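Visitor: Below is the sequence, then the predicted model.
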Amino acid sequence: AQKITQTQPGMFVQEKEAVTLDCTYDTSDPSYGLFWYKQPSSGEMIFLIYQGSYDQQNATEGRYSLNFQKARKSANLVISASQLGDSAMYFCAMRGDNTGRRALTFGSGTRLQVQP
Amino acid sequence: GAVVSQHPSWVICKSGTSVKIECRSLDFQATTMFWYRQFPKQSLMLMATSNEGSKATYEQGVEKDKFLINHASLTLSTLTVTSAHPEDSSFYICSARVVLAENNEQFFGPGTRLTVL
(Lines give C-alpha, C1' and ligand atoms only; values in the text may rest on other atoms or scores of the structure.)
Protein backbone atom coordinates (compact mmCIF):
# COMPACT_ATOMS: atom_id res chain seq x y z
CA ALA A 1 0.00 0.00 0.00
CA GLN A 2 1.06 3.54 -0.62
CA LYS A 3 0.60 6.45 1.71
CA ILE A 4 1.38 10.14 1.41
CA THR A 5 1.45 12.38 4.46
CA GLN A 6 1.35 16.17 4.38
CA THR A 7 1.44 17.46 7.93
CA GLN A 8 0.95 21.15 7.20
CA PRO A 9 -2.72 21.98 6.59
CA GLY A 10 -1.82 25.61 5.97
CA MET A 11 1.25 27.73 5.46
CA PHE A 12 1.89 31.47 5.23
CA VAL A 13 4.83 33.03 3.46
CA GLN A 14 5.82 36.57 2.66
CA GLU A 15 6.08 37.53 -0.96
CA LYS A 16 9.59 36.99 -2.39
CA GLU A 17 10.56 34.59 0.37
CA ALA A 18 11.14 30.85 0.02
CA VAL A 19 8.83 28.25 1.53
CA THR A 20 9.10 24.51 2.07
CA LEU A 21 6.05 22.25 1.93
CA ASP A 22 6.55 18.92 3.64
CA CYS A 23 5.71 15.51 2.25
CA THR A 24 6.57 12.08 3.56
CA TYR A 25 5.62 8.82 1.93
CA ASP A 26 5.47 5.12 2.50
CA THR A 27 5.51 2.40 -0.11
CA SER A 28 6.63 -1.17 -0.65
CA ASP A 29 7.47 -0.51 -4.30
CA PRO A 30 11.23 -0.45 -4.99
CA SER A 31 10.57 1.92 -7.88
CA TYR A 32 8.18 4.84 -7.65
CA GLY A 33 7.53 8.38 -8.73
CA LEU A 34 6.75 11.41 -6.65
CA PHE A 35 4.78 14.38 -7.91
CA TRP A 36 3.71 17.79 -6.72
CA TYR A 37 0.58 19.46 -8.02
CA LYS A 38 -0.84 22.93 -7.48
CA GLN A 39 -4.60 23.40 -7.28
CA PRO A 40 -5.83 26.99 -7.41
CA SER A 41 -9.38 27.91 -6.45
CA SER A 42 -10.54 27.11 -9.99
CA GLY A 43 -9.93 23.44 -9.22
CA GLU A 44 -7.58 22.49 -12.02
CA MET A 45 -4.60 20.34 -11.12
CA ILE A 46 -1.36 21.88 -12.33
CA PHE A 47 1.69 19.62 -12.52
CA LEU A 48 4.72 21.22 -10.91
CA ILE A 49 7.54 18.75 -10.56
CA TYR A 50 8.44 15.05 -10.66
CA GLN A 51 11.08 12.98 -8.89
CA GLY A 52 11.84 9.38 -9.74
CA SER A 53 12.98 7.13 -6.93
CA TYR A 54 16.20 6.26 -8.73
CA ASP A 55 17.04 9.80 -9.77
CA GLN A 56 20.36 10.78 -8.26
CA GLN A 57 19.74 14.48 -8.35
CA ASN A 58 16.91 16.48 -6.86
CA ALA A 59 14.44 17.68 -9.45
CA THR A 60 14.16 21.36 -10.25
CA GLU A 61 11.67 23.25 -12.42
CA GLY A 62 12.12 26.99 -12.42
CA ARG A 63 11.24 28.27 -8.94
CA TYR A 64 10.28 24.79 -7.78
CA SER A 65 12.70 22.26 -6.42
CA LEU A 66 12.13 18.94 -4.75
CA ASN A 67 14.22 18.06 -1.71
CA PHE A 68 14.28 14.29 -2.06
CA GLN A 69 15.63 12.35 0.90
CA LYS A 70 15.08 8.71 0.10
CA ALA A 71 16.30 7.28 3.39
CA ARG A 72 13.88 9.53 5.26
CA LYS A 73 11.13 8.92 2.71
CA SER A 74 10.55 12.60 2.28
CA ALA A 75 9.95 14.69 -0.82
CA ASN A 76 9.56 18.27 0.25
CA LEU A 77 8.68 20.98 -2.24
CA VAL A 78 10.66 24.21 -2.08
CA ILE A 79 9.22 27.29 -3.74
CA SER A 80 11.71 30.10 -4.07
CA ALA A 81 10.85 33.79 -4.43
CA SER A 82 7.16 33.30 -3.64
CA GLN A 83 4.64 35.23 -5.68
CA LEU A 84 1.06 36.19 -4.87
CA GLY A 85 -0.06 33.82 -7.62
CA ASP A 86 1.46 30.91 -5.72
CA SER A 87 -1.43 31.04 -3.24
CA ALA A 88 -3.21 27.70 -3.74
CA MET A 89 -3.54 24.16 -2.46
CA TYR A 90 -0.50 21.98 -3.01
CA PHE A 91 -0.71 18.21 -3.21
CA CYS A 92 2.08 15.69 -3.00
CA ALA A 93 1.35 12.45 -4.85
CA MET A 94 2.96 9.11 -5.51
CA ARG A 95 2.80 6.46 -8.16
CA GLY A 96 4.19 2.97 -7.65
CA ASP A 97 5.93 1.58 -10.70
CA ASN A 98 5.89 -2.10 -9.95
CA THR A 99 2.44 -2.82 -8.62
CA GLY A 100 0.69 -2.21 -11.89
CA ARG A 101 -1.32 0.51 -10.23
CA ARG A 102 -0.77 3.58 -12.32
CA ALA A 103 -3.10 5.91 -10.50
CA LEU A 104 -1.73 8.52 -8.14
CA THR A 105 -2.13 8.46 -4.39
CA PHE A 106 -2.49 11.97 -3.00
CA GLY A 107 -1.69 13.53 0.32
CA SER A 108 -4.20 15.68 2.18
CA GLY A 109 -2.72 18.88 0.79
CA THR A 110 -1.28 22.11 2.13
CA ARG A 111 -2.94 25.46 1.61
CA LEU A 112 -0.29 28.08 0.91
CA GLN A 113 -1.07 31.74 1.31
CA VAL A 114 1.43 34.28 0.05
CA GLN A 115 1.19 37.60 1.80
CA PRO A 116 2.24 40.90 0.23
CA GLY B 1 1.91 19.37 -22.34
CA ALA B 2 -0.95 17.10 -23.27
CA VAL B 3 -4.44 18.55 -22.97
CA VAL B 4 -7.38 16.87 -21.29
CA SER B 5 -10.84 18.38 -21.41
CA GLN B 6 -13.92 17.69 -19.34
CA HIS B 7 -17.51 18.47 -20.06
CA PRO B 8 -19.51 19.90 -18.47
CA SER B 9 -17.43 22.08 -16.16
CA TRP B 10 -20.32 22.29 -13.75
CA VAL B 11 -23.78 20.76 -13.50
CA ILE B 12 -26.74 21.10 -11.18
CA CYS B 13 -29.30 18.34 -11.21
CA LYS B 14 -32.27 17.09 -9.24
CA SER B 15 -32.02 14.13 -6.95
CA GLY B 16 -32.75 10.88 -8.77
CA THR B 17 -31.52 11.98 -12.18
CA SER B 18 -28.43 10.73 -14.01
CA VAL B 19 -25.51 12.87 -15.05
CA LYS B 20 -22.87 12.07 -17.65
CA ILE B 21 -19.39 13.60 -17.49
CA GLU B 22 -17.04 13.36 -20.45
CA CYS B 23 -13.27 13.27 -20.32
CA ARG B 24 -11.35 13.72 -23.56
CA SER B 25 -7.68 13.64 -24.42
CA LEU B 26 -7.37 16.27 -27.12
CA ASP B 27 -3.97 15.73 -28.64
CA PHE B 28 -2.95 12.25 -27.63
CA GLN B 29 -4.34 8.77 -27.20
CA ALA B 30 -4.96 7.52 -23.70
CA THR B 31 -5.38 3.82 -23.12
CA THR B 32 -5.86 4.52 -19.44
CA MET B 33 -7.82 7.27 -17.79
CA PHE B 34 -8.52 7.77 -14.10
CA TRP B 35 -11.52 9.23 -12.33
CA TYR B 36 -11.02 11.00 -9.03
CA ARG B 37 -13.48 12.61 -6.66
CA GLN B 38 -12.71 15.52 -4.40
CA PHE B 39 -15.02 16.66 -1.62
CA PRO B 40 -14.68 20.25 -0.36
CA LYS B 41 -11.40 20.92 1.40
CA GLN B 42 -10.31 17.32 0.97
CA SER B 43 -7.85 15.50 -1.21
CA LEU B 44 -8.41 13.65 -4.45
CA MET B 45 -9.56 10.09 -4.04
CA LEU B 46 -9.34 7.60 -6.86
CA MET B 47 -12.70 6.20 -7.86
CA ALA B 48 -11.81 3.99 -10.78
CA THR B 49 -9.37 3.24 -13.53
CA SER B 50 -10.81 3.32 -17.01
CA ASN B 51 -9.21 1.14 -19.64
CA GLU B 52 -10.02 1.46 -23.32
CA GLY B 53 -11.96 -1.52 -24.57
CA SER B 54 -12.35 -3.23 -21.22
CA LYS B 55 -14.23 -2.89 -17.96
CA ALA B 56 -13.22 -0.25 -15.50
CA THR B 57 -11.50 -1.18 -12.27
CA TYR B 58 -13.21 0.35 -9.27
CA GLU B 59 -11.67 1.20 -5.94
CA GLN B 60 -12.99 -0.42 -2.82
CA GLY B 61 -16.15 1.27 -1.62
CA VAL B 62 -17.09 2.76 -4.99
CA GLU B 63 -20.35 1.38 -6.36
CA LYS B 64 -19.83 0.34 -9.96
CA ASP B 65 -23.55 0.29 -10.65
CA LYS B 66 -23.88 3.85 -9.48
CA PHE B 67 -20.81 5.25 -11.19
CA LEU B 68 -20.83 3.84 -14.70
CA ILE B 69 -17.63 4.25 -16.65
CA ASN B 70 -17.29 3.76 -20.38
CA HIS B 71 -13.98 4.08 -22.22
CA ALA B 72 -15.22 3.60 -25.74
CA SER B 73 -12.27 5.10 -27.59
CA LEU B 74 -8.66 6.06 -27.05
CA THR B 75 -9.65 9.68 -26.52
CA LEU B 76 -12.89 9.50 -24.56
CA SER B 77 -13.97 8.17 -21.21
CA THR B 78 -17.34 8.92 -19.64
CA LEU B 79 -18.53 8.77 -16.06
CA THR B 80 -22.26 8.52 -15.48
CA VAL B 81 -23.58 9.17 -12.01
CA THR B 82 -26.85 7.28 -11.92
CA SER B 83 -29.73 8.22 -9.64
CA ALA B 84 -27.71 11.03 -8.17
CA HIS B 85 -28.26 12.06 -4.57
CA PRO B 86 -27.06 15.12 -2.64
CA GLU B 87 -24.20 13.12 -1.13
CA ASP B 88 -22.85 12.64 -4.66
CA SER B 89 -22.25 16.37 -4.89
CA SER B 90 -18.53 16.72 -5.40
CA PHE B 91 -15.76 17.78 -7.74
CA TYR B 92 -15.01 15.05 -10.26
CA ILE B 93 -11.63 15.13 -12.02
CA CYS B 94 -10.33 12.84 -14.71
CA SER B 95 -6.75 12.30 -15.72
CA ALA B 96 -5.12 10.58 -18.64
CA ARG B 97 -1.82 8.82 -18.56
CA VAL B 98 0.69 9.64 -21.27
CA VAL B 99 2.54 6.38 -21.71
CA LEU B 100 5.42 7.76 -23.70
CA ALA B 101 6.00 10.77 -21.49
CA GLU B 102 9.33 10.96 -19.76
CA ASN B 103 7.92 10.22 -16.36
CA ASN B 104 4.63 8.58 -17.31
CA GLU B 105 3.06 11.83 -16.27
CA GLN B 106 -0.67 12.15 -15.84
CA PHE B 107 -2.52 15.13 -17.20
CA PHE B 108 -5.65 16.26 -15.47
CA GLY B 109 -8.84 17.65 -16.86
CA PRO B 110 -10.22 20.90 -15.42
CA GLY B 111 -12.80 19.04 -13.35
CA THR B 112 -16.59 18.94 -13.17
CA ARG B 113 -18.42 20.35 -10.21
CA LEU B 114 -21.60 18.38 -9.57
CA THR B 115 -24.33 19.71 -7.32
CA VAL B 116 -27.32 17.49 -6.64
CA LEU B 117 -30.34 19.25 -5.21
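Guide: On my side now, so go ahead. Numbers count the residues shown, from 1 in each chain, chains lettered A, B, ... in the order given.
Visitor: So, low pLDDT: which residues of chain A?
Guide: Low-confidence segments of chain A, defined by pLDDT under 70, are located at A:98-101.
Visitor: how about the residues of it near chain B?
Guide: Counting by Cβ under 8 Å from any Cβ of the partner chain, chain A comes close to chain B at A:33, A:35, A:37, A:42-45, A:47, A:50, A:52, A:91, A:95, A:102-109. Using the backbone N, CA and C atoms, a C-beta is placed for each residue, glycine as well.
Visitor: need the strands for chain B, in chain order.
Guide: B:4-7, B:10-13, B:19-25, B:32-38, B:44-51, B:57-58, B:67-73, B:76-81, B:90-97, B:106-108, B:112-116 (DSSP state E).
Visitor: Output those strands as TSV; include the columns mean neighbour count.
Guide: Below are those laid out as TSV (neighbours: other Cβ atoms under 10 Å in any protein chain shown):
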stretch	mean neighbour count
strand B:4-7	18
strand B:10-13	14
strand B:19-25	21
strand B:32-38	24
strand B:44-51	21
strand B:57-58	17
strand B:67-73	17
strand B:76-81	21
strand B:90-97	24
strand B:106-108	24
strand B:112-116	19
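Visitor: got JSON lines for those strands, with distance to residue A:4 too?
Guide: Shown next, in JSON lines, are those (distance: least, Cβ to Cβ, whole Å):
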{"stretch": "strand B:4-7", "distance to residue A:4": "22"}
{"stretch": "strand B:10-13", "distance to residue A:4": "28"}
{"stretch": "strand B:19-25", "distance to residue A:4": "24"}
{"stretch": "strand B:32-38", "distance to residue A:4": "14"}
{"stretch": "strand B:44-51", "distance to residue A:4": "11"}
{"stretch": "strand B:57-58", "distance to residue A:4": "21"}
{"stretch": "strand B:67-73", "distance to residue A:4": "24"}
{"stretch": "strand B:76-81", "distance to residue A:4": "24"}
{"stretch": "strand B:90-97", "distance to residue A:4": "16"}
{"stretch": "strand B:106-108", "distance to residue A:4": "15"}
{"stretch": "strand B:112-116", "distance to residue A:4": "24"}
